[in-house]
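Colleague: Okay, sequence plus prediction incoming.
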Amino acid sequence: MGPDHVPIIITINAHPERQHFAASKWKTAEADWNVFRRRIDDQINTTDVTDADVDQVPYWNSKIVDIVRSAADRSIPRTKPTVSRRQKPLPYWNVDIKGAIRNRNRARRKMNRTRFINDCIEYRRLKSIAQRVIRSATREYWQ
């Protein structure tokens, strides 16, 4: 038989992966703008604004926003919320890596645009710098 001791406290320094949902968007191409306009007109005509005061500006602002939103909800369809397709960020990502990759990508775009040998050499130099920075940040993080 193996040892009979069991750990009492276990701490894991990992954060749970979360699914990020993208907010739904308005499908303005499929909107029924006549219904939208009619609903806004109807709601504004039924709202009493005769005793509007300067002190009540936030109230009236929220009232107008509510009117527009309710009209939009009833006349403009929305997309379904989807899970974000973005890659999860690397735990060792930092400003140095971001700058090195930005410089590498600029050099690559310039090389593809001009096709000069000097631009190709510069791209390869910046590519090796970016790889080195990523490798060193990775090693630092996992040490």
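Modeller: That came through, no problem.
Colleague: Quick check, residue 67 in contact with residue 43.
Modeller: Yes - applying C-beta atoms under 8 Å as the test, residue 67 and residue 43 come out as touching, 4.6 Å apart. No exception for glycine: its C-beta is placed from N, CA and C like everyone else's.
Colleague: What helices and strands are in contact with the strand or helix carrying residue 42?
Modeller: In the assignment (DSSP states H and E), residue 42 maps to helix 33-46. With contacts taken as 3 or more C-beta pairs under 8 Å, 6 or more residues apart in numbering; DSSP states H and E, helix 33-46 sits against helix 57-75.
Colleague: Which SSE is immediately downstream of the helix it packs on?
Modeller: Heading C-terminal from helix 57-75 (DSSP H and E), you reach strand 82-83.
Colleague: Tell me the strands beside that following strand, with direction?
Modeller: Partner strands for strand 82-83, per DSSP bridges, with pairing direction: strand 21-22 (antiparallel).
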